[in-house]
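Chemist: Generate a structure from the sequence data that follows.
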Amino acid sequence: MNRLFPLALGALVALAIAISCLFVVDQRQFAVVYALGEIRHIHDKPGLYFKLPPPFQNVAYFDKRILTLDSPDSDRFITSEKLNVMIDTFIKWRIVDPREFIRSVAGSQQIAADRISRSLRDALNNEVARRTVADVISNARNEIVENVRIKVDSDSRQIGVAIVDVRLKRVDFAPEVQERVYARMESERKQVANERRATGAAESERVRADADRQREVILADAYRQAQEIRGRGDAEATATYAGSFGKNPEFAAFYRSLEAYRASFRNRSDLLVVDPSAEFFRFFSDSGARR
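Modeler: Numbers count the residues shown, from 1 in each chain. Below you'll find the predicted structure:
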């Protein structure tokens, strides 16, 4: 019994040493093997690895996934128009060189995030200072983001970090200039509206004048056609009358006299002073003589 205890104890110690010599690397991690504080190996492939037991060698793990650096507050920048704008950003980054990452920032993600944030602010400040508010908001936004990403990535490579993406979440005016900027925007919109209203009024007058001209042309053409039709009708009527009256001249004289009587005695109050024996009343006396 006394002999088995040392053997069991030795087996346990050996097992503990063996376990301490093995370590597993996850696919989401880098494993850095230290020997007395000095980096000996860096494993970036998942699997089971062997090392010397502590304190001869130790293992530290670093995340190899894409990390997000989201600015908690808006940063203030000045455009080429000397207007203050507030910009919210976020960055996607990851560790690509664990050795340089450990040497530069002691393997601290917080220190690395501070370095990246300072580089981002400097790059963004240089880009915004060369552009107008309209460029920052829409016209050159993609170009600004890409230039900033390239600059920050170049700086971050010095600490073993690669910048995957940079985005501007929100761009807004600083509170002290919002009212002035909005007033200017309103004035510009009113100017555009007045210009379009004036253009519309001029176009309306042009259309109305053209319509009036066409109306006058149509009325004149219609009047001309009416006069031609009336003239042809009068000519046909005159020819018909002439043909009819030519067959019976006495009836023609009688018909014309009736028309003259109708025109002369249209109203009861009409008064006509004429000699009864005048030619005008010839058919009256002829009619009386026949009866």
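
Chemist: what separates F90 from I66, distance-wise?
Modeler: Here F90 is placed at a distance of 12 Å from I66 (CB to CB, to the nearest Å). The way it works is simple: take the backbone N, C-alpha and C, and place the C-beta from them, glycine included.

Chemist: my bad, should have said A123
Modeler: Using CB to CB, A123 is found at 20 Å from I66.

Chemist: C21 contacts Y49, doesn't it?
Modeler: No: taking CB atoms under 8 Å as the contact criterion, C21 and Y49 are not neighbours in contact, 9.5 Å apart.

Chemist: ok so, going back, which one's more surrounded, A123 and I66?
Modeler: When neighbours are counted by other CB atoms under 10 Å, A123 and I66 differ, and A123 comes out ahead with 21 against 12.

Chemist: Does that one touch V152 like I think?
Modeler: Yes: here A123 reaches V152: they are 5.4 Å apart, a contact under CB under 8 Å.

Chemist: Poorly predicted segments of the stretch 1-150 of the chain, please.
Modeler: For the stretch 1-150 of the chain, the stretches with pLDDT under 70 are 1-11, 13-16, 18.

Chemist: And the strands in it?
Modeler: For the stretch 1-150 of the chain, applying DSSP state E, counting those that start in this stretch gives strands covering 22-25, 29-35, 38-43, 47-50, 58-63, 67-70, 75-78, 84-95.

Chemist: Need these in CSV (columns: distance to A202).
Modeler: As requested, the strands of the stretch 1-150 of the chain are exported to CSV (distance: least, CB to CB, whole Å):
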stretch, distance to A202
strand 22-25, 77
strand 29-35, 72
strand 38-43, 75
strand 47-50, 79
strand 58-63, 67
strand 67-70, 53
strand 75-78, 42
strand 84-95, 39
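
Chemist: among these, which is nearest K247?
Modeler: With distances scored as CB to CB, the stretch of the strands of the stretch 1-150 of the chain nearest to K247 is strand 84-95 (104.2 Å).

Chemist: Neighbouring strands - and their directions - for that closest one?
Modeler: Sheet neighbours of strand 84-95, with direction, are listed as strand 67-70 (antiparallel), strand 75-78 (antiparallel), strand 161-173 (antiparallel) (DSSP bridges).

Chemist: Just the C-alpha atoms of the second one, please, in CSV.
Modeler: Output of strand 75-78 as CSV, limited to C-alpha atoms (Å, rounded to 0.1, in the frame of the first residue of the first chain):
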residue,chain,number,x,y,z
ASP,A,75,-16.4,64.0,-33.4
ARG,A,76,-16.3,67.6,-34.6
PHE,A,77,-14.7,68.5,-37.9
ILE,A,78,-14.5,71.7,-39.9
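
Chemist: List the contacts of that strand.
Modeler: Outside strand 75-78, the residues that touch it by CB atoms under 8 Å, 6 or more residues apart in numbering are N84, V85, M86, I87, D88, T89, R121, L124, N125, V128, A129, A174.

Chemist: chain center to that strand, what's the gap?
Modeler: 26 Å (CA atoms, centre = their mean, to the nearest Å).

Chemist: I'd like the distance between A202 and D114.
Modeler: From A202 over to D114 (counting by CB to CB), the distance is 61 Å.

Chemist: follow-up on the earlier one: tell me which two in the contacts of strand 75-78 are the farthest apart.
Modeler: The most widely separated members of those are D88 and A129, with 18.2 Å between them, by CB to CB.

Chemist: Compare these two (neighbour count), which wins?
Modeler: The residue with more neighbours, out of D88 and A129 and counting by other CB under 10 Å, is D88; that gives 16 against 12.
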